[in-house]
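Peer 1: Fold the stuff below for me.
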Amino acid sequence: MRSEIGYYLAGFADGEGSFNVSFRKRQDYKSPWKISLCFNVSQKEKVILALFKRYLGCGTLRSRPDGVWYYEVNNLTPILDTVIPFFKRYSFLSAKKSATLQSFVRLQR
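Peer 2: All right, here's what the predicted structure looks like:
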């Protein structure tokens, strides 16, 4: 059953998820920019996003003022230890999302 949920979540993220890199100007860093990797999914219904959080065991779930729920993982350790291995195990079917994941993986090196 656990692997079925993994494949379901990977398929859901294939269509609805995104991998992002953000650059934030910071005065308190040695480098003037903080670079952060983030995986996120947003939906009007909370139930699937709560399943992501429970299954992956990391990230945050919150609602936005427009009524959309937002699940994100933006801490580097869970991205490296949980998110990337999850999507390597339960791979995407679309070539575009697979390529995006590979670019995301290369950025963390």
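Peer 1: Just give the number of residues close to residue 79.
Peer 2: 22 (other C-beta atoms under 10 Å). Using the backbone N, CA and C atoms, a C-beta is placed for each residue, glycine as well.
Peer 1: Leaving out sequence neighbours, find the closest residue to it.
Peer 2: Of all residues not flanking residue 79 in the chain, residue 37 sits nearest, at 5.3 Å (C-beta to C-beta, 6 or more residues apart in numbering).
Peer 1: Check residue 59 too.
Peer 2: residue 73 (3.9 Å).
Peer 1: Just the buried positions in the helix ranked longest in the chain, please.
Peer 2: For the chain, the helix with the greatest residue count under DSSP state H is helix 2-16. Within helix 2-16, the residues that qualify as buried are 6, 9, 10, 12, 13, 14, counting by 16 or more other C-beta atoms under 10 Å.
Peer 1: So, low pLDDT: which residues of the protein?
Peer 2: 1, 108-109 (pLDDT under 70).
Peer 1: which residue is nearest the middle of it?
Peer 2: For the chain, the residue lying nearest the average C-alpha position, counting by C-alpha atoms, centre = their mean, turns out to be residue 39 (2.0 Å).
Peer 1: ok, the buried residues of helix 2-16 vs residue 24, which is closest?
Peer 2: Nearest to residue 24 among these: residue 13, at 24.3 Å, using C-beta to C-beta.
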